[in-house]
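1. what would the 3D arrangement of this be:
(4 chains)
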Number of protein chains: 2
Amino acid sequence: MSTAEETAGGEAQPWGEVTPDAARRLLLAAVEAFAERGYHATTTRDIAGRAGMSPAALYIHYKTKEELLHRISRIGHEKALEVLRTASRAEGSPTERLAGAVSSFVRWHAGGRTTARVVQYELDSLGPEARAEIRELRRQVDAEVRGIIEEGARSGEFDIVDVHGTTLAVLSLCIDVARWFKVDGPRTPEEVGALYADLVLRMVGVTDPGATRK
Amino acid sequence: MSTAEETAGGEAQPWGEVTPDAARRLLLAAVEAFAERGYHATTTRDIAGRAGMSPAALYIHYKTKEELLHRISRIGHEKALEVLRTASRAEGSPTERLAGAVSSFVRWHAGGRTTARVVQYELDSLGPEARAEIRELRRQVDAEVRGIIEEGARSGEFDIVDVHGTTLAVLSLCIDVARWFKVDGPRTPEEVGALYADLVLRMVGVTDPGATRK
DNA sequence: GGGCTCGCTAAGCGACCGCTCACCTTTGCC
DNA sequence: GGCAAAGGTGAGCGGTCGCTTAGCGAGCCC
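-> Below is the predicted model:
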């Protein structure tokens, strides 16, 4: 808890739930490698090498290379969903909750860009059953955002023509952050989060975000 | 010109400039394979097989597998840039031109999703020089959109806090269409283009799109 | 302190990769 | 008909892939 293992970006002690230690090191190495080169271009020798182990060591902790991706993808999606749920189920008006959800979700994608990249762009590299499991988590992510937008539309706080389409666009905007965000770029994850929250409020027709606060 | 080779989606006779015929068939096969499985997961045997040729035939027309990706990427980016330029340099107010540019660009990504997927997501699979060349094309894409937004901001037609950030978000939204769009999904490329144009106008602070038209 | 388990390594297996090469067929020109 | 160029094939090379297996050393139980 008080160790110096927190990254500056926003991922505080990620993969802490993965044990034993060697398994976590391998998983972390795999996340980096998959994010840099993609799943198919990454070799098991590369992953083991990054973790300071021999190629065979990988197979003590994971049955196949795909199981590594599956674990990364599931834990990553669960984390993302948790971040989104915490924000979207907080107290406040739909406007406040949508802004909070978008800025949290964007911060997660920007700060943990390495993980987010694997989570969002290596879905097709999974086998059919694993992919189906992950899709269910993604459905829940979608439902969470759609819920806020529907509520804001019902209350008249938002002005929305197409709830599903707008939900899609909001999520799309957030997810794509993982593609373009660079840690040494001109913006911090917090700045992008704030900018995107503002843009999303405009998309749902809120012209004065302050109006619903008090 | 009058052949029945136009796809319903919006790509009218793509890759027509690639000759001879065998080279075009190989390139088309590569686009499909890269889009489905990714560059690294695609084998030269698979590409040749889809084109109805032996694996060796590929190397008569292309030096390496990477040259295929390079050609696809360059031609694809040039097409995308052309689509965007045609719309953004049309007559009309910044509002009209931004809406036109976004809807065209989105239609290109949705209708030609196979190509767009390769163009937008396989950039990192290119070697350093090829990647640098493509990056220059992407810079021009960015400049085209930023130009309209800057003009609208200067004229007071748009209400924008951060020109660069907004440009980034607009392009990001359009590009991500290639990730999620499905040809058998509930929306046509035209519908997504219209929806996104509307959302983008809201992002730049245009509340009544009709106001600038006459 | 002997045996047993656990985490790991060195070596390597069979498969498949990108790519090459020797050779064959078709086409057009004189 | 002779013949070169162009476009294609079958076989296969060197290398690397995901993954397996035999064995090694450190720690623990009694």
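
2. can you give the domain ranges for chain A?
-> As given by automatic domain parsing, the domain ranges for chain A are A:17-62, A:65-206.

3. I'd guess A:P186 is in a strand, am I close?
-> No. Going by DSSP: H, G, I helix; E, B strand; the rest coil, the assignment for A:P186 is coil, not a strand.

4. so what's it up against?
-> By CB atoms under 8 Å, 6 or more residues apart in numbering or on different chains, the contact set of A:P186 is empty. No exception for glycine: its C-beta is placed from N, CA and C like everyone else's.

5. now do the phi/psi pair for it.
-> Dihedral angles of A:P186 (phi, psi; degrees, to the nearest 10) stand at phi -80, psi -10.

6. dump the domains of chain A into a markdown table; add mean pLDDT as well.
-> Formatted as a markdown table, the domains of chain A follow (pLDDT from 0 to 100):
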| stretch | mean pLDDT |
| --- | --- |
| domain A:17-62 | 92 |
| domain A:65-206 | 96 |
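
7. can you put the ones you listed in TSV and add distance to B:D162?
-> Converted to TSV, the domains of chain A look like this (distance: least, CB to CB, whole Å):
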stretch	distance to B:D162
domain A:17-62	27
domain A:65-206	6
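
8. need those domains in CSV with distance to DNA strand D, can you?
-> Output for the domains of chain A, formatted as CSV (distance: least, CB to the nearest atom of the strand, whole Å):
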stretch, distance to DNA strand D
domain A:17-62, 3
domain A:65-206, 4
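
9. closest to DNA strand C out of those?
-> Smallest distance to DNA strand C across the domains of chain A (CB to the nearest atom of the strand): 3.0 Å, for domain A:17-62.

10. so where's the longest helix in chain A?
-> For chain A, the helix that runs over the most residues, judged by DSSP state H, is helix A:128-155.

11. who are the packing partners of it?
-> Contact here means 3 or more CB pairs under 8 Å, 6 or more residues apart in numbering or on different chains; DSSP states H and E; on that basis helix A:128-155 packs against helix A:65-88, helix A:94-111, helix A:163-175.

12. between those helices, which gets nearest to B:D21?
-> When the helices and strands packed on helix A:128-155 are compared for distance to B:D21 using CB to CB, the nearest one is helix A:163-175, at 37.6 Å.

13. quick one on the thing from earlier: now for the helices and strands packed on helix A:128-155, which one comes closest to B:V119?
-> When those are compared by CB to CB, helix A:163-175 sits nearest B:V119, at 17.2 Å.

14. only C-alpha atoms, please: export that closest one in CSV.
-> Coordinates of each C-alpha in helix A:163-175 appear next as CSV, following Å, rounded to 0.1, in the frame of the first residue of the first chain:
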residue,chain,number,x,y,z
VAL,A,163,-29.7,7.8,-27.6
HIS,A,164,-28.0,4.7,-28.9
GLY,A,165,-26.0,6.6,-31.5
THR,A,166,-25.0,9.2,-29.0
THR,A,167,-23.9,6.5,-26.5
LEU,A,168,-21.9,4.9,-29.2
ALA,A,169,-20.2,8.2,-30.1
VAL,A,170,-19.3,9.0,-26.5
LEU,A,171,-17.8,5.6,-25.9
SER,A,172,-16.0,5.7,-29.2
LEU,A,173,-14.5,9.1,-28.4
CYS,A,174,-13.2,7.8,-25.0
ILE,A,175,-11.9,4.5,-26.3
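
15. what angle separates that helix from helix A:128-155?
-> Inter-element angle recorded for helix A:163-175 and helix A:128-155: 120 degrees (by axes from the mean of the first three to the mean of the last three CA atoms, to 10 degrees).

16. quick one, what contacts the spatially most central residue of chain A?
-> Nearest to the geometric centre of chain A sits A:A80, at 4.3 Å (CA atoms, centre = their mean). A:A80 makes contact with A:F105, A:W108, A:A116, A:V119, A:V141 under the criterion CB under 8 Å, 6+ apart.

17. ok, so of these, who is nearest A:L126?
-> Using CB to CB, A:V119 comes nearest to A:L126 of the contacts of A:A80, at 11.2 Å.

18. and the nearest residue to the closest one once chain neighbours are set aside, how many residues sit next to it?
-> Nearest residue to A:V119 in three dimensions, chain neighbours excluded: A:G76, at 3.8 Å (CB to CB, 6 or more residues apart in numbering or on different chains). Residue neighbour count, defined by other CB atoms under 10 Å in any protein chain shown, stands at 24 for A:G76.

19. now A:G156
-> 8.

20. now do it against chain B, distance only.
-> Separation of A:G156 from chain B (CB to the nearest CB, to the nearest Å): 16 Å.

21. thinking again about what came up before, restrict the contacts of A:A80 to contacts with DNA strand C.
-> Cross-checking these against DNA strand C (CB under 7 Å from any atom of the strand) gives no overlapping residues.
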